[in-house]
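J.: have a look at this prediction, sequence included:
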Amino acid sequence: METSLAQPSPFSVPTDNPDILSQLLENQKSPHTWRAYKKDIRDFFRFVADANEPTPILIEALLKLEQPQALALVLRYKNHLRDVRCLKEATINRRLAALKALVRLANQLGQCRYTLDGIRGEKVIHYRDTTGVSQNIYRQILKMPDQSTTKGKRDYAILRLLWDNALRRNEVVQTNLGDLDLERRSLDILGKGKGNQKEQITLSRATVTALESWLTVRPGPKEKNQPLFVALDRAHQGHRLTGTAIYQLVRSTARAAGVQKVLSPHRIRHAGITAALDATNGDVRKVQKFSRHADLNTLMIYDDNRRDVQGEITDLLAGLI
């Protein structure tokens, strides 16, 4: 008979039982990973048990299942994400990874007799569209912020950073005042997959000028551990600007510039990297230093898309017959 997580009453938590979820989250060096794991595990228990939060009792119920039951449950969740909610492959794989990490830790601590490592993720086709927008269009976008206002100065500085350094929005979010050295034109960022180790990037003179303008009007404390970019609305003024706020900033500014394509911070990153490849005549090694991609093969995808290698070969073959 299959154990149901929807009825947690048969399960109890021994007083010496460790809180597996708390331990998993404490082990995450990146705040972004911590938030993602918590959100993804909450989503799983909302599906299997109609629960708003993954309580210790529900988590223990999952961990005490036999492996066939657990695999069937997680596969049903995976199918629901793919076939009912139609989520992207990368999102499905991230949610499965959070569950796998939870169960793997419990297994290592002797609280679970199985793992979920046998469940395969969805095949992800990376970088279907790496074009972003053209330089001319982005030039129009940069004209939108009213730089006579505090918000305009902030927004313009963010838009310059996203293009000039191809930053990810989370890299922008996590920067503090102490990470910026205007004299040296440098910024220390927490790059993707770097944990707590910051890396230094060089800023363009245009970005430095934009940041100097923003810092003259930035409200709130000026200590080094304070965020570089803060919210300006009445309800959140002075708080660290969120990734969602940056996404909305980009989208609304692009719309105001008349851009039909839905633009996001990551599409700006795509555009900047593609423009860098154009400007360097496809020097992927130089651009790798700029984009901070760990794998050179990822940049080769950008370069192939930029030159439309597939279309080039198609025309060659067509000319043979």
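T.: Yep, it's here.

J.: any low-confidence regions in the stretch 1-150 of the chain?
T.: Applying pLDDT under 70 to the stretch 1-150 of the chain picks out residues 1-18, 27-32, 123-129.

J.: quick one, strands of it?
T.: In order along the chain, the stretch 1-150 of the chain carries no strands (DSSP state E, counting those that start in this stretch).

J.: got the contact list for Lys39?
T.: Lys39 makes contact with no residue, according to Cβ atoms under 8 Å, 6 or more residues apart in numbering. Bear in mind the C-beta positions are built from the backbone N, C-alpha and C, glycine included.

J.: go with 10 Å
T.: Lys39 makes contacts with 94-95, 98, as judged by Cβ atoms under 10 Å, 6 or more residues apart in numbering.

J.: please, which helix or strand holds His266?
T.: Element membership for His266 (DSSP states H and E) is helix 265-279.

J.: isn't Leu215 up against Gln226?
T.: No - if you go by Cβ atoms under 10 Å, Leu215 and Gln226 don't touch, sitting 11.3 Å apart.

J.: need the overlap of contacts for those two.
T.: Jointly contacting Leu215 and Gln226 under the rule Cβ under 10 Å, 6+ apart are Leu177.

J.: so where do the helices sit in this protein?
T.: Taking DSSP state H as the test, the helices found in the chain are 20-26, 31-49, 56-63, 67-79, 89-108, 135-142, 150-164, 169-173, 205-215, 243-256, 265-279, 284-291, 296-307, 309-318.

J.: closest to Asn196 out of these?
T.: Closest to Asn196 of the helices of the chain, according to Cβ to Cβ: helix 31-49, at 9.8 Å.

J.: put the alpha carbons of the closest one into CSV.
T.: Extracted C-alpha coordinates of helix 31-49, given in CSV (Å, rounded to 0.1, in the frame of the first residue of the first chain):
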residue,chain,number,x,y,z
PRO,A,31,22.0,33.3,-1.0
HIS,A,32,20.5,32.8,-4.5
THR,A,33,20.9,29.0,-4.2
TRP,A,34,19.5,29.1,-0.7
ARG,A,35,16.3,30.9,-1.9
ALA,A,36,16.0,28.7,-4.9
TYR,A,37,16.2,25.5,-2.9
LYS,A,38,13.7,26.7,-0.4
LYS,A,39,11.3,27.8,-3.1
ASP,A,40,11.6,24.5,-5.1
ILE,A,41,11.2,22.2,-2.1
ARG,A,42,8.2,24.2,-1.0
ASP,A,43,6.7,23.7,-4.5
PHE,A,44,7.1,20.0,-4.3
PHE,A,45,5.3,19.7,-1.0
ARG,A,46,2.6,22.0,-2.2
PHE,A,47,2.0,19.5,-5.1
VAL,A,48,2.1,16.2,-3.1
ALA,A,49,0.5,17.4,0.2
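
J.: that helix to helix 243-256, inter-axis angle?
T.: Per axes from the mean of the first three to the mean of the last three Cα atoms, to 10 degrees, the angle that helix 31-49 makes with helix 243-256 is 100 degrees.

J.: check which residues of helix 31-49 are buried.
T.: Neighbour counts over helix 31-49 (16 or more other Cβ atoms under 10 Å) mark 32-33, 36-38, 40-45, 47-49 as buried.

J.: list the contacts for Gly282?
T.: 276, 299-300, 302-303, 306-307.

J.: show me which of the residues you listed are buried.
T.: Looks like those have 276, 299, 302-303, 306 buried, using 16+ other Cβ under 10 Å.

J.: between those, which is nearest Thr202?
T.: Thr202 lies nearest to Ala276 out of the buried ones among the contacts of Gly282, by Cβ to Cβ, at 13.7 Å.

J.: what's the burial count for the nearest residue to that closest one once chain neighbours are set aside?
T.: Distances taken as Cβ to Cβ, 6 or more residues apart in numbering put Val287 closest to Ala276, at 4.7 Å, once the chain neighbours are dropped. Number of residues near Val287 (other Cβ atoms under 10 Å) recorded here: 24.

J.: and Val287, what's its pLDDT?
T.: pLDDT for Val287: 90.

J.: how about the one 3 residues further on?
T.: Here the pLDDT value assigned to Phe290 is 91.

J.: what's near enough to touch the nearest residue to it once chain neighbours are set aside?
T.: Nearest residue to Phe290, sequence neighbours excluded (Cβ to Cβ, 6+ apart): Ala276, at 5.5 Å. Listed by Cβ under 10 Å, 6+ apart, the contact set of Ala276 reads 166, 282-284, 286-291, 299, 302.

J.: wait, which of the residues you listed is closest to Pro145?
T.: Once Cβ to Cβ is applied, the member of the contacts of Ala276 that ends up nearest Pro145 is Ala166, at 19.4 Å.

J.: what residues are bridge-paired with the closest residue to Asn165 other than its chain neighbours?
T.: Once flanking residues are discounted, Asn165 sits nearest to Ile201: 5.7 Å by Cβ to Cβ, 6+ apart. Beta bridges link Ile201 to Leu187 when assigned by DSSP bridges.
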